[in-house]
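In: Take a look and give me a structure for this.
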Amino acid sequence: MISNQILQTTIDGLKTITRIELSVMDAEGKVLAATEEDKMDEYNFAVPDFVNSQAESQLVQGYQFFKVFDDNTVEYVISARGEAEDVYKIGKIASFQIQNLLVAYKERFDKDNFVKNLLLDNLLLVDIYNRSKKLHIDTDVKRVAFIIETKMEKDNNALEVVRNIFPSKTKEFITAVDEKNIILVKELKEGDGQEEIDRIAKMILDTLNAEAMSSVFIAIGTAVRDIKDVSRSYKEAKMALEVGKIFYTETHIMAYSRLGIGRLIYQLPIPLCKMFISEIFQDKSPDDFDEETLSTINKFFENSLNVSETSRQLYIHRNTLVYRLDKLQKNTGLDLRVFEDAITFKIALMVVKYMKYMVESDY
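Out: Residues are numbered from 1 along each chain as shown. All right, here's what the predicted structure looks like:
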């Protein structure tokens, strides 16, 4: 469970301090880490017999052996070279250190698995509460799920940066359920609202852009109180990520609570979308409009259907804008200066975007 590199670093550090040669072996005598590689095969033959014995420590051919347990099963055997009392103490310290590492790594592994299964709805309700109690995880705390999508797959650098931002292993859960997405389940204070959640997202975005040199998108679910609802917040964040890619491509932080009508369109079946577009545009499509027309339409919507402000921002005469709107009305039967027609046209543009996205992603 503990990587060999961590084991090696640990005993190298202990040797630097104590000048005692140490090694770590598995229960069969295979060397996992050692400070004296050329001596390793001389005594590991005795490890299986030592593991099967009742003794917790043993002296064999000038080496002192110590057991490290995982739930009453010997996981590692530590050896220290020398027969002196001081060597025995150093060996006990080394085994104690490895034992603590094993407990810490196992707890982290168990929590990571628990959170993954919680997010993916792989746990029964009773198991959620039982395992939360066993892992010392509060069940009645305000939390929110973030999805941090990186452009590169297996971006371990970004994952480490996020873990460094939130070093507390008890209140935040940081994991990954696929190749590109980092999942953060953040505990919130009682008074924290959407403003604080947005601040956290902005901090993560800025830090990753600066330290990991990684362009990311962050999606946010809604805050939940009960631990069983964390999966709902995660699913909301997933939808926010997808809807943001379709309708809000310029935004790097997207919250489920701000998806608006895009959330409704995202849940429409494609045949219904095709029928709607056909009814609105007959044999035409917004894709057939030239760039100038689309730019005019978007700017008109941005300025809340204000003709004067739109013409000013487009650097065109008011009459030119009116001419373009009249031409659009002639082609589509929709007058964007009328609110009902404008909202119909806006929804139609969003539906077309959604259809194109679904076609490109093969549904």
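In: Could you check the worst-scoring helix or strand of the chain on mean pLDDT and say which residues are buried?
Out: Across the helices and strands of the chain, the lowest-confidence element by mean pLDDT, DSSP states H and E is helix 156-165, at a mean of 83. For helix 156-165, a neighbour-count test (16 or more other Cβ atoms under 10 Å) marks Ala158, Leu159, Val161, Val162, Ile165 as buried. C-beta here means a position set from N, CA and C on the backbone, and glycine is covered the same way.
In: Check which helices and strands it sits against.
Out: Applying 3 or more Cβ pairs under 8 Å, 6 or more residues apart in numbering; DSSP states H and E, one finds that helix 156-165 contacts strand 140-150, strand 172-176, strand 181-187, helix 194-207.
In: can you list those in JSON lines and add distance to Thr251?
Out: As requested, those are arranged in JSON lines below (distance: least, Cβ to Cβ, whole Å):
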{"stretch": "strand 140-150", "distance to Thr251": "13"}
{"stretch": "strand 172-176", "distance to Thr251": "23"}
{"stretch": "strand 181-187", "distance to Thr251": "17"}
{"stretch": "helix 194-207", "distance to Thr251": "11"}
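In: So for Phe114, which of the ones you listed sits nearest?
Out: Between Phe114 and those, the shortest gap by Cβ to Cβ is with strand 172-176, which sits at 8.6 Å.
In: Return the alpha-carbon coordinates of that closest one using CSV.
Out: Coordinates of each C-alpha in strand 172-176 appear next as CSV, following Å, rounded to 0.1, in the frame of the first residue of the first chain:
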residue,chain,number,x,y,z
GLU,A,172,-11.9,18.2,2.4
PHE,A,173,-11.9,15.3,0.0
ILE,A,174,-9.9,15.5,-3.1
THR,A,175,-10.0,12.6,-5.6
ALA,A,176,-10.5,11.7,-9.3
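In: I'd like the average pLDDT over it.
Out: Strand 172-176 shows a mean pLDDT of 87.
In: and what of stretch 321-336?
Out: Across stretch 321-336, the average pLDDT comes to 89.
In: Buried residues, that stretch. List them.
Out: Applying 16+ other Cβ under 10 Å to stretch 321-336 flags Leu321, Arg324, Leu325, Leu328, Thr332, Leu334, Asp335, Leu336 as buried.
In: how about the lengthiest helix in the chain: buried residues?
Out: Across the chain, the longest stretch assigned as helix under DSSP state H is helix 85-119. Buried residues in helix 85-119, counted by 16+ other Cβ under 10 Å: 87-88, 90-95, 97-99, 101-102, 111, 114-115, 117-119.
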